[in-house]
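Novice: Sharing a model prediction with you, sequence too.
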Amino acid sequence: MLTDYTDQQARFDTAFAAMATCCSIKCDNCGRTYFVTSPGHGDYEDGELGKLRSRAAKEPERFIEVPDYSSVSFVHWAGKQLVIGCVCDPTKPTSDWIERYAEELTEYLRAYWQAKQVKARALKRKADECEAILAMAETKDDK
């Protein structure tokens, strides 16, 4: 069974997860495979669900049936595919770090975006100058 979301997990997932869903997915952090079994859900190939259930019967800690959900959510983070709500709580170290350094990260991002805005304004000035030169050239051509 997937764990209930903590507020911290929900904040992390909302902010960073270009979340995807699937009917069965393996968590790269711990190796557990979660698979949905809700009626009408799961786009399984013929025999695939039966194989997953069979493996779950033999290895219940590694193959986990999720009967109450229509899909299993996951995110790609730091090169790994992580199951959202997995019992190993794979995003906790990162979300702990983010929350511990939230003020510093806010300052970093503020400086980052300010630098981007300065660059964008400079590019806009250049584009405006080029447009003015082009308009002057067109005016000369009209004469």
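Specialist: The structure has been received and is ready for your questions. Residues are numbered from 1 along each chain as shown.
Novice: Walking through this structure, point out its strands one by one.
Specialist: Under the criterion DSSP state E, the chain carries strands at the ranges 20-22, 24-26, 33-36, 63-66, 72-77, 80-83.
Novice: Show me where this protein dips below the pLDDT cut-off.
Specialist: Applying pLDDT under 70 to the chain flags residues 1-5, 13, 16-20, 41, 142-143.
Novice: mind giving me the domain split of it?
Specialist: Annotated domains of the chain cover 7-100, 102-143 [automatic domain parsing].
Novice: May I see the ones you listed arranged in a markdown table, with mean neighbour count as well?
Specialist: The C-beta positions use only the backbone N, C-alpha and C, and glycine is treated the same way. A markdown table is the format used below for the domains of the chain (neighbours: other Cβ atoms under 10 Å):
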| stretch | mean neighbour count |
| --- | --- |
| domain 7-100 | 15 |
| domain 102-143 | 10 |
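Novice: With distance to residue 107 as new columns, can the strands of the chain be given to me in a markdown table?
Specialist: What follows is these, written out as a markdown table (distance: least, Cβ to Cβ, whole Å):
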| stretch | distance to residue 107 |
| --- | --- |
| strand 20-22 | 32 |
| strand 24-26 | 36 |
| strand 33-36 | 38 |
| strand 63-66 | 40 |
| strand 72-77 | 23 |
| strand 80-83 | 28 |
